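Asks: Structure for this input, please:
(one chain, ligands or ions: 2)
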Amino acid sequence: MITKKKLRAEMILVRKQLSPQYITQSSQQISEKLVQSSFFIDADVILFYMAIRSEVDLRAAMKSAWQLGKQIALPKVNPKERTMNCYRIDSFSELELGSYGIVEPPSDPTKEIDPGTIPLVIVPGVAFDPLGFRLGYGGGYYDRFFSKYTSCIRVGVAYPEQIVATVYPESHDQPMHLIVTPQQIFNV
Ligand SMILES: Nc1nc2c(c(=O)[nH]1)N(C=O)[C@@H](CNc1ccc(C(=O)N[C@@H](CCC(=O)O)C(=O)O)cc1)CN2
Ligand SMILES: Nc1ncnc2c1ncn2[C@@H]1O[C@H](COP(=O)(O)OP(=O)(O)OP(=O)(O)O)[C@@H](O)[C@H]1O
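Replies: Ligands and ions are numbered 1, 2, ... in the order given. So this is what the prediction gives:
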């Protein structure tokens, strides 16, 4: 547990030190890789996320998905239960500031999507390891989500600096199926 906490603090620091230009360029490259992938092309609905604090920014991939007629969903967190609900968004202008400084969809019941029907989930992270395990902010939001909704393809996105030898996975940790970096797609 101490090692995991230490690694989280270290890796948040590593990510913080990336320059805005590097983040923009890497995010663009990851977006391009995503858009060209068969798992992306085949998905009619995709759960994305809105980047916070130097995370990979996937707005370019989201725009491409809209142009291809796909539905885009974003999570809205319920910090009390540490769960996430999913809502379709049709433009970035709908979004509002939510918990943890994350830009989120409004809770419009007409736009809520059953997470069990989402075929592809793109996942942010603090670090990933070669087995696809992910270190997040420690809320367990995505682990809880994937333990309940098991049928989607889980794709982590990361700068190469975020790939580490191990993230010290625990029994509740739900691994990614693929990790996309600006240079390559790891099939784990
Ligand atoms: N962009 C993005 N959206 C996401 C996630 C994410 O990692 N990135 N999440 C992935 O799970 C969920 C939100 N999870 C989060 C959990 C904790 C903190 C956080 O800032 N925690 C504080 C300490 C606790 C607090 O303030 O209450 C911290 O780290 O300083 C942020 C996001 C859902 N949405
Ligand atoms: N399926 C689950 N059901 C209940 N609790 C869970 C589940 N998965 C994880 N948790 C709890 O959530 C807490 C945080 O888990 P962990 O440290 O792996 O978070 P994380 O993956 O880094 O965070 P996040 O997904 O929010 O970025 C742990 O204390 C764990 O017990």
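Asks: In terms of helix, strand or coil, where does residue 31 fall?
Replies: Here residue 31 is helix, with the state taken from DSSP: H, G, I helix; E, B strand; the rest coil.
Asks: Quickly note the distance from it to residue 59.
Replies: From residue 31 over to residue 59 the distance is 8 Å, taken as CB to CB, to the nearest Å. From N, CA and C alone the C-beta is placed, and that goes for glycine too.
Asks: Tell me which of these two has more neighbours.
Replies: The neighbour count for residue 31 versus residue 59, taken as other CB atoms under 10 Å, is higher for residue 31 (24 against 14).
Asks: need the contact list for that one.
Replies: 58, 59, 60, 61, 64 (CB atoms under 8 Å, 6 or more residues apart in numbering).
Asks: wouldn't the fourth one be in contact with residue 29 here?
Replies: Put plainly, it is residue 61. No - Residue 61 lies out of contact with residue 29 (CB atoms under 8 Å); the separation is 10.8 Å.
Asks: Was I right to think residue 139 contacts residue 82?
Replies: Yes - counting by CB under 8 Å, residue 139 touches residue 82, with 5.6 Å between them.
Asks: tally of neighbours for residue 43?
Replies: Residues within reach of residue 43, counting by other CB under 10 Å, total 22.
Asks: next one: residue 170
Replies: Residue 170 has 10 neighbours, counted by other CB under 10 Å.
Asks: That one - nearest residue in space that isn't next to it in sequence?
Replies: Spatial nearest neighbour of residue 170, excluding adjacent residues (CB to CB, 6 or more residues apart in numbering): residue 4 at 7.9 Å.
Asks: Tell me how many other residues crowd that neighbour.
Replies: For residue 4, using other CB under 10 Å, the count is 16.
Asks: Off-centre distance for the helix or strand where it lies?
Replies: Using DSSP states H and E, residue 4 sits in helix 2-16. Centre-to-centre, helix 2-16 and its host chain are 18 Å apart (CA atoms, centre = their mean, to the nearest Å).
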